[in-house]
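J.: A structural model of the following input is requested.
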Amino acid sequence: MTSTIEIKNLKRKDGDNKKIDLKGGTVLDGLPSSTGLVNAIASECLIRSTGTDLVAFMDSPDFPPLSVVTNYVPHYPIRIYVNETLKVAFFVSDINIDKLLQREVANAILKWTRENECKLIISAQGIPLSSYPPSPGDNGREENSGPDDVSRSNRSDTSESATDSPFPAGSYAVTSTESATRLIVGHSDYFSHLRSGTITGIPAILLNEGALTNLDVIVFLVNALPDVPDFRAAAIVSEAVSKIIPNLSCDIGALMVEAQLIENRMKNVRDEHNRTSYIA
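T.: Sure thing, here's the model as predicted:
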């Protein structure tokens, strides 16, 4: 089956359309997942805190016909931002990716990553919870977990004590290669390497293809409330990414406001599409 996904490069105003230099860099998957907006909020915070350039859009005839207007400028709903100095790229979206298109979208991210000679992809996924887990001071018990939650017994003990970690219990990392695993082990005080569990959606495809082709992929798993702009989970992901990519940081204070803006924007996009689309 031929892919319908197309990456459209943005023409620079100065006429200089030379290829961006991201060799050896990192691609961040900031697309919304089935478990919420953790990826989207964390990526938007990192983008705004770091400074990036909009370089391309992802489009497909199967995407809803939408134009997202920001500061008077129309944009495609799925965009690619780049910081060449830090050699980092972000894929972000104002729309949820239909399950039938997730494989194509993931493959487009993988293709773009290889074409730009990037060496690492980072993604994230929320672990659905009906309520926040107790703090480490409450014996570290994780109650009210969703059916796909990761149990403590299924993680590898890469840190001496979960209570010594600045990240709360239930923060994990999954890797596709031995070299990606070494990155996680080097920061084992912040998150635990997952021994067994289930990943879904675009992060799952990125992990599987990374393992198959020896491409470094890291997926962070954090406790999150489904369908809620979870500031806490997004802050955990932002901090985790900053440990892997030097000089990349997120203004956690601004994250609180940013998360609500992102949720409102995505809700407005979805509502507008539902009102105007004749597609069920």
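
J.: just checking, what packs against whatever helix or strand I218 lives in?
T.: Element membership for I218 (DSSP states H and E) is strand 216-224. Using 3 or more Cβ pairs under 8 Å, 6 or more residues apart in numbering; DSSP states H and E, the elements in contact with strand 216-224 are strand 120-128, strand 172-175, helix 178-185, helix 201-213, helix 231-244. C-beta coordinates here come from the backbone N, C-alpha and C atoms, glycine included.

J.: Describe which strands that strand pairs with in its sheet and in which direction.
T.: According to DSSP bridges, strand 216-224 forms sheet pairs with strand 120-128 (parallel), strand 172-175 (antiparallel).

J.: Mean neighbour count, the ones you listed: which tops it?
T.: With neighbours taken as mean count of other Cβ atoms under 10 Å, these reach their highest mean count in strand 120-128, at a mean of 26.

J.: on that earlier part again, how about TSV for the strands paired with strand 216-224, with mean pLDDT and distance to T198 added?
T.: Output for the strands paired with strand 216-224, formatted as TSV (pLDDT from 0 to 100; distance: least, Cβ to Cβ, whole Å):
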stretch	mean pLDDT	distance to T198
strand 120-128	89	10
strand 172-175	91	10
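
J.: Any idea which of these gets closest to D251?
T.: Closest to D251 of those, according to Cβ to Cβ: strand 120-128, at 18.2 Å.

J.: Just want the angle from that closest one to helix 178-185.
T.: Interaxial angle of strand 120-128 relative to helix 178-185 (axes from the mean of the first three to the mean of the last three Cα atoms, to 10 degrees): 60 degrees.

J.: tell me the angle strand 120-128 makes with helix 231-244.
T.: Going by the same axes, to 10 degrees, strand 120-128 makes 160 degrees with helix 231-244.

J.: what ranges of the stretch 151-280 of the chain fall below the confidence cut-off?
T.: By pLDDT under 70, the weakly predicted segments of the stretch 151-280 of the chain are 151-170, 187-190, 225-230, 253-280.

J.: where does V82 land on pLDDT?
T.: On pLDDT, V82 comes in at 95.

J.: so which of the strands paired with strand 216-224 comes closest to F231?
T.: strand 120-128 (12.3 Å).

J.: follow-up on the earlier one: ok, which of the helices and strands packed on strand 216-224 comes nearest A108?
T.: Shortest separation from A108 across the helices and strands packed on strand 216-224 is recorded for helix 201-213, at 10.2 Å, computed as Cβ to Cβ.

J.: Check what contacts the closest one and list those residues.
T.: Among residues not part of helix 201-213, those counted as contacts by Cβ atoms under 8 Å, 6 or more residues apart in numbering are 29, 31, 33-34, 97, 99, 102-103, 105-107, 109-110, 121, 123-125, 174, 176-177, 180, 199, 215-217, 219.

J.: now the residues you listed: which count as buried?
T.: Neighbour-count burial (16 or more other Cβ atoms under 10 Å) applied to the contacts of helix 201-213 gives 29, 31, 33-34, 97, 102-103, 105-107, 109-110, 121, 123-125, 174, 176-177, 180, 199, 215-217, 219.

J.: How about the backbone phi and psi for V68?
T.: When read as degrees, to the nearest 10, the backbone of V68 gives phi -100, psi 110.

J.: separation between it and S93?
T.: In this structure, V68 and S93 are 10 Å apart, going by Cβ to Cβ, to the nearest Å.

J.: So between these two, which is more surrounded?
T.: Neighbours per residue (other Cβ atoms under 10 Å) separate V68 from S93, with S93 holding more: 23 against 19.

J.: from what I can see that one touches A40, true?
T.: Yes. Proximity of S93 to A40 meets the contact threshold set by Cβ atoms under 8 Å, at 7.0 Å.

J.: Name the residues contacting each of the two.
T.: Common neighbours of S93 and A40 are listed as 30-32 (criterion: Cβ under 8 Å, 6+ apart).

J.: Cross these against strands and list the overlap.
T.: G30 (DSSP state E).

J.: Closest one to P246 out of the shared contacts of S93 and A40, please.
T.: Minimum distance to P246 across the shared contacts of S93 and A40 is 19.4 Å, recorded for G30 (Cβ to Cβ).

J.: the strands in the stretch 51-200 of the chain, which residues?
T.: 53-59, 68-70, 73-75, 78-83, 88-93, 120-128, 172-175, 192-193 (DSSP state E, counting those that start in this stretch).
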